[in-house]
Each structure stands twice: as structure tokens, then as C-alpha cells.
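Chemist: Predicted model follows, preceded by the sequence.
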Amino acid sequence: MRDRLTKARRSWNMSRIRGKDTMPERVVRSALHRLGYRFRLHSRKLPGRPDIVLPRHRLAVFVHGCFWHRHRGCRNCTTPTNNRRFWVAKLEGNAARDRMHMRTLRKLGWRVVVVWECETEKKGFAQQLKRRIAKSTGNRPPLGRGQGVAQRSGLRQVSPGRRSQTSQPGHESS
Ligand SMILES: [Zn+2]
């Protein structure tokens, strides 16, 4: 019974890391979007390849699975009983690499925020994320002065009623 559960959890975890577009990442992205942040995904140029990057704030966000990245104290931070030594080495190796990447990023002048998978499942996650980013960036607003709703939605500043002319003609109606 115990083994079956462990196996089930392992495959569940693996299914979640296979693609880069995991559910927790989607939750974080949609929260950031609603909060008005502009971001890029999977920056290959940066150490540890952060899942989400907010260039304007020089902020890197890692969305970590609790099992694979060792979320201490979390109920999902389990160690399989079969092949225990292998798993301990592997998982602790992951966590050590994470710490190294974060140190390197900070040395390069980046702010780093780690979001744990279990946090994304909780109510009020978006507000929590908002507070953490605000704390990390020193309460810097998501966008600069003069960058309001129009900027956020990807449109140029235009007077009301002329919106449709801002994008390429015919684009919106197609
Ligand atoms: Zn967790």
C-alpha cells in the first residue's frame, strides 16, 4: 500500500515536471498578469533558468515543485523509501543546485523569489505574491509612470474611441 502511494505520487510529480508549462507556473503567470507585471518566460541566459523573469524589476521567479526541490517542512517534501540513498542524493543535489543558482543570480544583481507549488494552491496566493514582490522590489509599482492600462493591455496610449486604430488595420476583425 505504502509503495503504491509512493509510486503514484512519484509519477504524479513527474508528470508535472515533464512539460515546462506546469500548473503552478500557469497560476503564477496569471497572478502576475492580473497584478500588472510584465514578464518573460524561461530565461535561458540566466543561471538556473528562472521560470519567470520580470526584466523591469530585475527579478527572477522560480516556481518549484515541493518534491523535486525539497520544500522543507512541506508535506509534499517526501523521500521515496525504495532506493532511498539514490533519492536523497538526487533531491538534495537539486536543492544544492538551486541555492547555488540563486546565489549567482543575486551576485549578478538580480532579486530572486521562490514560489512553492503548494503555495499556488492556497487561497489568496495572488495577494501573497504581490506582497512578496513588493517587499523584494522595495514597493516599486508594476509599471513605470504613465504606463497605465493601455500599456498593460499591449495597446498604445490613445484617446477613447480610437482604440481599434492602434493595432494593425483589419487585425482585430480577422
Ligand atoms: Zn510545499
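Modeler: Perfect, thanks for sending it. Numbers count the residues shown, from 1 in each chain.

Chemist: now the helices for the protein?
Modeler: If you assign secondary structure with DSSP state H, the helices in the chain sit at 2-18, 23-35, 84-107, 117-120, 125-137, 149-152.

Chemist: Dump those helices to JSON lines, plus mean neighbour count.
Modeler: Every residue, glycine included, has its C-beta placed from N, CA and C. Shown next, in JSON lines, are the helices of the chain (neighbours: other C-beta atoms under 10 Å):
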{"stretch": "helix 2-18", "mean neighbour count": "12"}
{"stretch": "helix 23-35", "mean neighbour count": "17"}
{"stretch": "helix 84-107", "mean neighbour count": "14"}
{"stretch": "helix 117-120", "mean neighbour count": "20"}
{"stretch": "helix 125-137", "mean neighbour count": "16"}
{"stretch": "helix 149-152", "mean neighbour count": "14"}
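
Chemist: mean pLDDT for the ones you listed: which is lowest?
Modeler: For the helices of the chain, the bottom mean pLDDT is recorded on helix 149-152, which sits at a mean of 45.

Chemist: number of nearby residues for Phe62?
Modeler: Here the count is done by other C-beta atoms under 10 Å, and Phe62 has 21 residues near it.

Chemist: any idea how far the ion is from the closest residue to it other than its chain neighbours?
Modeler: Taking C-beta to C-beta, 6 or more residues apart in numbering as the measure, Phe62 lies nearest to Val114, with 4.9 Å between them; neighbours along the chain are not counted. Relative to the ion, Val114 is positioned 11 Å away (criterion: C-beta to the ion, to the nearest Å).
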